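Asker: Model the structure of this input:
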Amino acid sequence: MFRIPTITKNLLIINGIAFLASLVLEKKGIFLTDICGLHFFMADNFSLFQLITYQFLHSTNNFMHILSNMFGLWMFGCVIENVWGPKKFLFYYIVCGIGAGLCQELAQYGTYVYENLPYYEYVSVNGIQMTTATYLNTWTTVGASGAVYGVILAFGMTFPNERLFIIPFPFPIKAKWFVMGYVAIEFFSALGSSGDGIAHTAHLGGMLFGFLMIRYWNKHPNSSFDRSRGQQFFENLKRSFEQRQSTRQQSNPHMHAERGGSKESDMEYNARKRQNQEEIDAILDKIRKSGYDSLTKEEKQKLFDASRQ
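Answerer: Here you go, the predicted structure:
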């Protein structure tokens, strides 16, 4: 837990605390979703601050709701935060969540108009009659899904060719296809209006706002977003090899004088070292472009041996 980047770790903790608080307070008849969940903007219980607070609440009746969201945040958030830095990542995460909420509000307004609710004082829901005002207050959205989907999109756009193993598929899937598959599923689920209690429009909204932000940052490098920063992990890995070799050489500058009982000149040693470094660089470039699993057995062994030197 201590190796998770700061913002990702704190987001996980806050979501966990909010979930436990919801469980405890519900036993006392207090429902945080009534206060901090995102209500329809024409409902009496709506407040602007809910566009922020709803992102940290989850359904207490479905543990998989928070579990799946936190797994996605941990899996992809750690990478993106390390690439972008904590401030940019937090800004992106919150804006994606707000964007998801706004899109959900827009979808609810469409339902409001389509069902002619402005013209009814009472409505019947599952055989229960209630005022329209009460009914509108039941339109409540909670969950970090919109923001997390934005983070998943960021991973796919930053590492499009990175290969992922997704259950139940027995083969790796490139991140860009993984993200596009998610978009397609959510899009058709939203069109189907399946009534499954899942805010598919919010998921799409989080990805839409994320896409727009990333496109803007791509076109405006001065905003401190640089697509090449997405490759820093592999560049840092390369530098770590170089620094490790340099440190060992400085600690024992004559360590190359004898190898296996035979003499080796400085020129021969430097040529061999340069060749080894070129091979390691080529392997790291291959990982950057196609992922670790694209390496041959010999390349993996060479990378492992170099890391121990």
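Asker: and Thr60, what element?
Answerer: Using DSSP states H and E, Thr60 maps to neither a helix nor a strand.
Asker: Need phi/psi at it.
Answerer: Thr60 has phi and psi values of phi -80, psi -10 when expressed as degrees, to the nearest 10.
Asker: As a check, name the ranges of all helices in this protein.
Answerer: Taking DSSP state H as the test, the helices found in the chain are 6-26, 32-36, 50-53, 63-84, 86-114, 132-137, 145-158, 175-192, 200-219, 232-251, 266-290, 297-308.
Asker: list the buried ones in the third one?
Answerer: Under the neighbour-count criterion of 16 or more other Cβ atoms under 10 Å, helix 50-53 has 50-51, 53 buried. (Glycine included, C-beta is placed from N, CA and C.)
Asker: can you tell me which of these lies nearest to Lys87?
Answerer: Leu51 (20.1 Å; Cβ to Cβ).
Asker: Domain parsing of the chain, as residue ranges.
Answerer: Domain assignment of the chain by automatic domain parsing yields the ranges 6-225, 231-308.
Asker: could you dump those to JSON lines with mean pLDDT?
Answerer: Shown next, in JSON lines, are the domains of the chain (pLDDT from 0 to 100):
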{"stretch": "domain 6-225", "mean pLDDT": "87"}
{"stretch": "domain 231-308", "mean pLDDT": "63"}
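Asker: Deepest in the core, which of these is it.
Answerer: Across those, averaging neighbours per residue (mean count of other Cβ atoms under 10 Å) puts domain 6-225 on top, at a mean of 17.
Asker: gap between that one and the chain center?
Answerer: Here domain 6-225 shows a centroid-to-chain-centroid distance of 12 Å under the convention Cα atoms, centre = their mean, to the nearest Å.
Asker: thinking again about what came up before, and Ala43, which of the helices of the chain is closest to it?
Answerer: Nearest to Ala43 among the helices of the chain is helix 132-137 (4.1 Å), distances taken as Cβ to Cβ.
Asker: Tell me which other helices or strands the closest one touches.
Answerer: Using 3 or more Cβ pairs under 8 Å, 6 or more residues apart in numbering; DSSP states H and E, the elements in contact with helix 132-137 are strand 122-125.
Asker: which residues sit against the strand it packs on?
Answerer: Outside strand 122-125, the residues that touch it by Cβ atoms under 8 Å, 6 or more residues apart in numbering are 117, 129-132, 135, 138.
Asker: same thing with stretch 41-52?
Answerer: 34, 36-40, 94, 97-98, 101-102, 105, 109, 112, 133, 136-137, 139.
Asker: Just the C-alphas of that stretch, formatted as PDB.
Answerer: Taking C-alpha atoms only, stretch 41-52 is exported to PDB below (Å, rounded to 0.1, in the frame of the first residue of the first chain):
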ATOM      1  CA  PHE A  41     -30.700  18.900 -11.000                       C
ATOM      2  CA  MET A  42     -34.500  19.600 -11.000                       C
ATOM      3  CA  ALA A  43     -35.000  17.600  -7.700                       C
ATOM      4  CA  ASP A  44     -35.300  19.300  -4.400                       C
ATOM      5  CA  ASN A  45     -32.300  17.500  -2.900                       C
ATOM      6  CA  PHE A  46     -29.900  18.600  -5.600                       C
ATOM      7  CA  SER A  47     -26.800  20.600  -4.700                       C
ATOM      8  CA  LEU A  48     -23.800  21.600  -6.800                       C
ATOM      9  CA  PHE A  49     -21.300  20.000  -4.300                       C
ATOM     10  CA  GLN A  50     -22.800  16.600  -5.100                       C
ATOM     11  CA  LEU A  51     -20.900  16.700  -8.400                       C
ATOM     12  CA  ILE A  52     -17.800  16.100  -6.300                       C
END
